[in-house]
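[1] Generate a structure from the sequence data that follows.
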Amino acid sequence: MSPMFISADKPRPAPEYTAARPAARPNEDPAWVKALVLSAVVGFLVLVLILPLACVFAEALKQGTGPALEAIKDPDAISAIKLTLLVAAITVPFNALFGLCASWAVAKHQFPGKAFLITLIDLPFSVSPVVAGLIYVLVFGAQGWFGPWLIEHGIKIVFALPGIVLATMFVTFPFVARELIPLMQEQGVDEEEAATSMGASGLVTFLRVTAPNIRWGLLYGVLLCNARAMGEFGAVSVVSGHIRGLTDTMPLHVEILYNEYNYVGAFAVAALLCLLAIVTLVLKTALEVGQSVHGRHV
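    The predicted structure is shown next:
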């Protein structure tokens with residue numbers, strides 16, 4: 001038989017096809033891996049976060065609500081609470097204004113030294129709060145650069161309210177800016193340029209175009225700034241002088257009570273700080289929910 005012809009009684013076998021296995025997606029891990037990772041996360045949160053918080057409230061109420069409330073009603077504790085709220089009330093608006101200006105400059109404009117400005121904004125994240133407090137002591141203290149001049153004119157910054165406010169502002173000013181800079185950069189400048197081309201002034205453009213787009217990020221940064229301002233310890237400890245009833249904030253008052261073996265009072269004030277943190281967390285969660293709802297409707 002010629003090789004050019006194929007015998008009719010021997011048909012060519014049909015090719016065999018096997019179904020290809022679907023490629024496994026990255027999130028389709030085995031059940032035991034998911035359980036192990038979830039158990040590790042939950043265990044870490046319980047050990048590091050939930051258990052210490054529970055211990056704070058348990059120790060505060062160890063002798064009942066009466067001693068805990070008496071510790072909070074103590075004149076020194078009341079003074080510490082008022083000072084903490086006053087410092088936060090002064091610090092947060094200034095940092096919100098700085099964050100708005102800094103984020104506007106970084107996200108909407110090009111200028112020499114822009115990268116250096118961003119580095120300066122991030123500086124408090126890398127500098128120890130104790131070092132930040134020491135800086136103000138070296139600048140405004142009695143033996144500092146401006147100390148003699150301040151003493152001569154009767155101006156007191158260190159070991160007084162101004163020093164506490166300055167130290168708190170230093171450690172908290174990045175929060176608002178770091179929330180707004182990425183948000184403004186993502187939004188770009190098209191809407192602002194369109195408003196300007198239609199004759200809107202800079203202030204009107206900011207109030208009618210920019211502000212509505214950044215309000216959730218601004219509120220989020222303000223909440224984080226407020227939480228850090230109320231809980232700051234290191235920088236405030238250096239510049240306050242630990243004058244009881246005058247320059248002690250709530251974290252410093254907790255340390256004083258604990259060192260005096262007044263554990264119920266220390267944990268009672270600490271529990272109040274925890275409650276303030278929980279309120280901040282609830283507000284933060286509410287803002288996130290509001291932001292997601294707003295994003296779905298846009």
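
[2] tell me the centre residue of the protein?
    Closest to where the C-alpha atoms of the chain average out (CA atoms, centre = their mean) is residue 224, at 3.7 Å.

[3] Using PDB, write out every CA atom in whichever strand or helix holds that one.
    Using DSSP states H and E, residue 224 sits in helix 211-231. Extracted in PDB, the C-alpha atoms of helix 211-231 (Å, rounded to 0.1, in the frame of the first residue of the first chain):
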ATOM      1  CA  ALA A 211     -14.200  71.000  51.400                       C
ATOM      2  CA  PRO A 212     -17.200  68.700  50.600                       C
ATOM      3  CA  ASN A 213     -14.700  66.200  49.000                       C
ATOM      4  CA  ILE A 214     -12.400  66.000  52.100                       C
ATOM      5  CA  ARG A 215     -14.900  66.400  55.000                       C
ATOM      6  CA  TRP A 216     -14.800  62.700  55.900                       C
ATOM      7  CA  GLY A 217     -11.000  62.500  55.800                       C
ATOM      8  CA  LEU A 218     -10.800  65.800  57.800                       C
ATOM      9  CA  LEU A 219     -13.100  64.500  60.600                       C
ATOM     10  CA  TYR A 220     -11.300  61.200  60.700                       C
ATOM     11  CA  GLY A 221      -7.900  63.000  61.100                       C
ATOM     12  CA  VAL A 222      -9.400  65.300  63.800                       C
ATOM     13  CA  LEU A 223     -10.600  62.200  65.800                       C
ATOM     14  CA  LEU A 224      -7.200  60.600  65.600                       C
ATOM     15  CA  CYS A 225      -5.500  63.800  66.600                       C
ATOM     16  CA  ASN A 226      -7.900  64.300  69.500                       C
ATOM     17  CA  ALA A 227      -7.300  60.700  70.800                       C
ATOM     18  CA  ARG A 228      -3.500  61.100  70.700                       C
ATOM     19  CA  ALA A 229      -3.700  64.600  72.400                       C
ATOM     20  CA  MET A 230      -5.700  63.300  75.300                       C
ATOM     21  CA  GLY A 231      -3.500  60.200  75.800                       C
END
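
[4] how distant is the following helix or strand past that helix from the center of its chain?
    For helix 211-231, the following helix or strand on the C-terminal side (DSSP H and E) is helix 234-240. Mean-position distance between helix 234-240 and its chain equals 20 Å (CA atoms, centre = their mean, to the nearest Å).

[5] and for the following helix or strand past helix 234-240, what are the contacting residues?
    On the C-terminal side of helix 234-240, the nearest following helix or strand under DSSP H and E is helix 250-259. Contacts to helix 250-259, defined as CB atoms under 8 Å, 6 or more residues apart in numbering, come from residues 71, 76-77, 80-81, 84, 230-233, 236-237, 240, 242, 244, 248, 263, 265-266, 269-270, 272-273. Glycine gets a C-beta too; all of them are placed from N, C-alpha and C.
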